[in-house]
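*Asks:* Below: sequence and its predicted model.
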Amino acid sequence: MTTGTIVDVVMPQMGVSVSEGTITRWTKQVGERIEADETIVEISTDKVDTEVPSPASGVVRELLAAEGETVPVNTRIAVIDTAGDAAGTPAAAPEPPAAEQPAAPEPAPEAVVEETRAPAPSPAAAAPAPAAPPANGGGDQSGRAFISPVVARMLSEHSLDVSQIPGTGRGGRVTKKDVQNFIEGGAPAAAPTAPPVHDIPHFAPPTPEPAAEPAAPAAAQAAPAPDATKVPGTVVADDDVEVYQFNTIRKVIARHMRHSIDTAAHVTTVIEVDMTGVVNLRRKFKPIYQQRHNVNLTYLPFIARATIDAIGAWPWVNAEVQGETALIKKHVNMGMAVAIDDAKGLLVPVIHRAEEMNLVGLSRAVSEMAEKARTKTLTPDEMSGGSFTITNPGVFGVLMGTPIIPEGQVAILDVEAIVKRPVVVTDKHGNDSIAIRHMMFLCLSYDHRLVDGAYAAQFLAQVKSSLESWDEQAFGL
Amino acid sequence: MAVKTYLQAISDGLRDEMRRDPRVFLLGEDIGVYGGAFKVTQGFQAEFGEDRVIDSPLSETAIVGACTGAALMGMRPVCEMQFSDFISCAFDQLTTVAAKQHYRVGTPVPIVVRLPSGGGFSGGPFHSQNPEGYFAHCPGLKIVVPATPADAKGLLVQAIRDPNPVLYFEHKHLYRRIKGEVPEGEHAVEFGKARIHQAGDDLTVITYGAMVYTAEEAAARAAEQDGTSVEIIDLRTLVPWDTEAVLASVAKTGKVIVLHEDTRTSGFGAEIAATIAEHAFEQLDAPVVRISPPDTPVPFSPSLEKAFLPQVEDVAAAIQQLSAY
C-alpha cells in the first residue's frame, strides 16, 4: 500500500457532548469498492443513530472496529485506499472484525442472523468481483431500514413488525411482496430466515414454527439481509430462554409508559366504596337491560357514570398538561383499557363525549369498544383523543394498584375487585353494627403537576358518594 | 374485422365522418391535390371536392383561425398541421381563442387539429417533436394520443364529434409500422378511458402513443429474463386522462414507470407522477420512475436521436431495477 493514497475513516463527533460511538453495521467490507459520500458504516451514539459517509473514493482496505464495538470519537475505524482497485491488490488479508465481537461466542442457531454478513474471512476478500454488490442494487445495504409507504400501511393494518419479515428487496429491504408472502404464510422465495419468535398470537404464520433452524451455512451466503433493526448487543437464545422481540403494540406501550413516568408527577390515592347498592341494582336490572336494550349490564358503566358526574364538579382531573399550561377538556373522552392477546397486550379505546351518555349508552359503548379492541377492529379515531382513562383489573380479583397515567392525560382511575367484607355501618340513629357489605377500592393515579391531593381526594369522594347513593329513579330506563 | 395500418385507420375515420356529416371539412397544407405529406387524405379531394378538402396557404395561424371561425358558424372542421412541430405558429389561435371561447362567450368550438408527431426517423429538431405537454397545460383543449389502429379511428371519430377543440396527436412512426384490426363502420372510442395494453402484477408502465410498443418489447424481455410481470397502461387521451385506471394499477403493483417521448421537465409524466404521489402514496412500494428523453431538442444524427429517445433497452433496464427495488 502506498501511503499517499490511504485515507482514514474516523468515528465522527456527533454533537459536542458525545465522546464515543458504537459501530452498528458496516455497509462495506474489506476489498469492496466505495465512492466518496457513499455510506460506509452505520453508527449509534447517545444522541443519534446515523450513517457515516466515506471521505474518499477507493477500496476498503481495513475495518478496525467490529460491529457492536464502542470507540472514542476520532478513533480510526477504517482505511480506504484511494489508488486501489477492488480486484487489484490481493494483499488485503483482513482480520475479520467479527472475531473481536464478544457476542455469539459459539454460533447459536437462531438469533445470530445479523452476524452472517460479516466478511467471510479472507478468501472471499482476496478476489472480490468489483460488480458483486450491485447485483442487488448498488451495494447500499442500508435499504433494510427503509419502509415504503405501502409496506408501512400493510404493517400497520396487520399489526406486523417489520423486523420479523425477511426482506428480498434492494439491500434487504422488505418489499410489498415480502409482506404479502408473510401474511399468506409463505416463506420468502430467496432468503428463508425464519423469524425466531412469533410475537403476534393472532397471527402466527403456519409454516416454520417448530424446529426451523436456519441452516447456518446457508445464512452465511450473501442473500439474507442483516437485521439492522436489532442493536449491537446480539441476543443469544439458549434452551432456558425464549426470545421475545417486541411487537408494535408492545413497543408503543413501552415508549408511552416510560415517557409518562418521566414527565408526569405520579401520585396514587385510594378510596373505599360500598358497592352494595350498585350490586343490588345491577342484579335487579341486568335481565331487564338484556331484554329491553340487548346490552350486558356490568359494573363498569355505573362507575364510569359516577366518574363522569364527578368530573363535572372536578374538571381538572380531565385535562392535559403541556409544559406550564393545562388544557382542561370540556368533553369527557373516556379511555378504557382492554387487555388483548391473552393479556400480553393492551389497547385503550376511547368513548368520545361520554358525558352525553346515560347508563344504557355507556353499557353499549363499553361492550362495543371492548369487542372491537379484542378483534382489533378499532379505528385510529376510536383509539385517540382520550381525556381520562379507566382501567379495570378488579375483574381479576386484585385489590389495589398504582396505574401509570396515559400520556396526554392527568388521571387514571383503577377499578378494583368488589369483595364482601365485614364493615361497621351506622344507622340514621347513630347506632353502629357490623354488616357484610360489597366493598371496592378505587385507586386514582394523577399528575401532581396539576392536581393536588385535596382536589383528587374530593373528586374521589364524590365518585364514592354517587356510587353509594345511586338512585333507582335516576336509572334512565 | 379488417387488418389495417394506423395510417389507413386515420383515413377511414376521416372518410367515414365526412360521409356521415356534411359539416365536416378538411383544411391543411397540401392535403388536397397532393393527398397530404403522409398521404392520409389521398383521394379525398376526388371524393369530397375542393370545397371540403381545402389546400391552405402556409400559415398555421390562418388554418386554425379559419377552423375556429367555421366552427363558430356551425361547421366541424378538421385541420392538419403538416408536422405537429408547426403548431407553435398557431399557439395563440389555439390557446387564446379556441380554448377560451366557450368559457368567455358560451359558444363551443368543435375543431380537430391533426398533428403528425414523434421522432425515430432522423427528422431533426423541427420535424420530430411531441408538443402535447404545452397544450395539456392549457384548460379548454382536449388531447388525444392513439397507439393502435383501432383507437386511431375510434378516437378520431370521437374527436370530430366532441364539441371542444381537440388536438389529435398521430404518431408518424406508427403510420405504416403498426397494423391491427379496425372495426368497420361506426366506431368511436370514449375519451378518458385508458386501455390495459397488457395486464401484469409486478409493476406498471404508464405510457401512450408509440412508447406503448417500446414498453411492450421491454416487458417481453423482462418476462423472459426473470419472469417479471409488467402491466402496460395506454392512456389513449391525456385530457381528460384516466386517473382511476392508473391508481387502480398502482394499487395492484405498487411500482410505477411513467414513460413518454416528450421531453422530461413539465412533461405529462410529471402530472401522472404527482397524481400518484398525491392519491396513492400509501400504495407505493418504490419511487415513481420517469423515463423520457432529456431536456434537449430532438437531434438529427441517427445515433444521437437513438440516445435521445427512450429505447427498449432503457425501459428494460428500468423494469429490472424497479423490480429488484
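*Replies:* Received the coordinates, thanks.
*Asks:* pLDDT below threshold where in chain A?
*Replies:* Scanning chain A for pLDDT under 70 picks out the ranges A:1-4, A:15-18, A:46-48, A:84-145, A:186-237, A:473-477.
*Asks:* can I see the domain layout of it?
*Replies:* The record's domain split for chain A, according to automatic domain parsing, is A:1-102, A:140-245, A:251-475.
*Asks:* for chain A, what's the longest helix?
*Replies:* helix A:276-293 (DSSP state H).
*Asks:* all helices for the stretch 51-200 of chain B, in order.
*Replies:* B:60-72, B:91-92, B:99-105, B:132-136, B:149-161 (DSSP state H, counting those that start in this stretch).
*Asks:* and A:Val243, which of the ones you listed is closest to it?
*Replies:* helix B:132-136 (56.4 Å; C-beta to C-beta). No exception for glycine: its C-beta is placed from N, CA and C like everyone else's.
*Asks:* Can I get the closest one as CSV, trimmed to CA atoms?
*Replies:* What follows is helix B:132-136, C-alpha atoms only, in CSV (Å, rounded to 0.1, in the frame of the first residue of the first chain):
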residue,chain,number,x,y,z
GLU,B,132,-48.6,17.6,-26.2
GLY,B,133,-47.2,18.9,-22.9
TYR,B,134,-47.7,22.6,-23.8
PHE,B,135,-51.4,22.0,-24.7
ALA,B,136,-52.2,19.6,-21.9
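*Asks:* quick one: which of the helices of the stretch 51-200 of chain B is nearest chain A?
*Replies:* Of all these, it is helix B:132-136 that lies closest to chain A, at 26.9 Å by C-beta to the nearest C-beta.
*Asks:* what's the spacing between A:Asp178 and A:Gly169?
*Replies:* Using C-beta to C-beta, to the nearest Å, we find A:Asp178 at a distance of 7 Å from A:Gly169.
*Asks:* Can you name the residues of the stretch 151-300 of chain B that neighbour chain A?
*Replies:* B:Gly254, B:Phe281, B:Glu282, B:Gln283, B:Leu284, B:Asp285, B:Ala286 (C-beta under 8 Å from any C-beta of the partner chain).
*Asks:* Make a ChimeraX selection of whichever of those residues turn out to be buried.
*Replies:* A single ChimeraX command suffices to select whichever of these are buried according to 16 or more other C-beta atoms under 10 Å in any protein chain shown:
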select /B:254,282,283,284,285,286
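*Asks:* sorry, back to before: among the helices of the stretch 51-200 of chain B, which is the most enclosed?
*Replies:* helix B:149-161 (a mean of 25; mean count of other C-beta atoms under 10 Å in any protein chain shown).
*Asks:* quick one: contacts for B:Ala280?
*Replies:* Under the criterion of C-beta atoms under 8 Å, 6 or more residues apart in numbering or on different chains, the neighbours of B:Ala280 are B:Leu247, B:Val250, B:Ala251.
*Asks:* Could you do B:Ala37 as well?
*Replies:* B:Ala37 neighbours (C-beta under 8 Å, 6+ apart): B:Glu29, B:Asp30, B:Gln82, B:Phe83, B:Pro116.
*Asks:* out of the residues you listed, who has the most neighbours?
*Replies:* Within those, B:Pro116 tops the neighbour count with 24 neighbours, counted by other C-beta atoms under 10 Å in any protein chain shown.
*Asks:* now it: how far from chain A?
*Replies:* Here B:Pro116 is placed at a distance of 41 Å from chain A (C-beta to the nearest C-beta, to the nearest Å).
*Asks:* most neighbours, which of the contacts of B:Ala280?
*Replies:* B:Val250 (26 neighbours).
*Asks:* Only the buried residues of the helix or strand where that residue lies, if you could.
*Replies:* Using DSSP states H and E, the element containing B:Val250 is helix B:243-253. Neighbour counts over helix B:243-253 (16+ other C-beta under 10 Å) mark B:Thr243, B:Ala245, B:Val246, B:Leu247, B:Ala248, B:Ser249, B:Val250, B:Lys252, B:Thr253 as buried.
*Asks:* who's in contact with A:Lys177?
*Replies:* Applying C-beta under 8 Å, 6+ apart, the residues near A:Lys177 are A:Thr168.
*Asks:* again, 6 Å this time
*Replies:* With contact set as C-beta atoms under 6 Å, 6 or more residues apart in numbering or on different chains, A:Lys177 has no partners.
*Asks:* Check which helix or strand it maps to.
*Replies:* Going by DSSP H and E, A:Lys177 is part of helix A:176-183.
*Asks:* Nearest to B:Phe48, out of the domains of chain A?
*Replies:* domain A:140-245 (54.9 Å).
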